[in-house]
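Colleague: Build the 3D model from these lines:
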Amino acid sequence: MASEGHQQHPLRVYLWIWFLLFVLSVFSYLVDYVGMEGYLKWTLITLFMLMKAGLIIAVFMHMVWERLAIISVVLVPPGVLLFLMGLMMLESNHTLVTRLTFFAN
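Modeller: As a prediction, the model looks like this:
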């Protein structure tokens, strides 16, 4: 009964994920190589980074085969943090515009 709960996955799953991680890394480097600047550059780099982290968590940490509650514990907090970061960016832009409007010489 020692083998209960132990699950073997085909090697092709891991090879496919390694290939996807490689492709996402290439895209991430291409963003810098092409010379993109500003918010587009950092948005794409962050998006590729989050996609790679999600793949690593899902497959190599075996979260894709676990219960939904465990996946929610891992994926919901970063989503909430990204939402809050977006709100902070909107607020900082509003604060900057307000200061430039009312305190400019």
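Colleague: quick one: low-confidence parts of the protein?
Modeller: 1-7, 105 (pLDDT under 70).
Colleague: For residue 46, the count of nearby residues, please.
Modeller: 13 (other CB atoms under 10 Å). Yep, even glycine has a C-beta here, placed from its N, CA and C like the rest.
Colleague: before we move on, which element is it in?
Modeller: helix 38-55 (DSSP states H and E).
Colleague: same deal with residue 84?
Modeller: Here residue 84 is assigned to helix 68-103, by DSSP H and E.
Colleague: And that helix, what's buried?
Modeller: The neighbour-count check on helix 68-103 (16 or more other CB atoms under 10 Å) flags nothing as buried.
Colleague: Got phi/psi on residue 36?
Modeller: Note on residue 36: its backbone torsions stand at phi -60, psi 150 [degrees, to the nearest 10].
Colleague: That one against residue 44, yeah?
Modeller: Yes - using CB atoms under 8 Å, residue 36 is in contact with residue 44, at 7.0 Å.
Colleague: Nearest spatial neighbour of residue 21, chain-adjacent residues omitted?
Modeller: The shortest distance from residue 21 to any non-neighbouring residue, by CB to CB, 6 or more residues apart in numbering, is to residue 52 (5.6 Å).
Colleague: my guess is the one you found meets residue 23, correct?
Modeller: No - look at residue 52 against residue 23 with CB under 8 Å: they stay out of range, at 9.9 Å.
Colleague: who's more crowded, these two?
Modeller: Shown here are residue 52 and residue 23; by other CB under 10 Å, residue 52 has more neighbours (19 against 12).
Colleague: Would you quantify the distance from the residue minimising distance to the centre of the chain to residue 35?
Modeller: Nearest to the geometric centre of the chain sits residue 50, at 1.4 Å (CA atoms, centre = their mean). Using CB to CB, to the nearest Å, residue 50 is found at 23 Å from residue 35.
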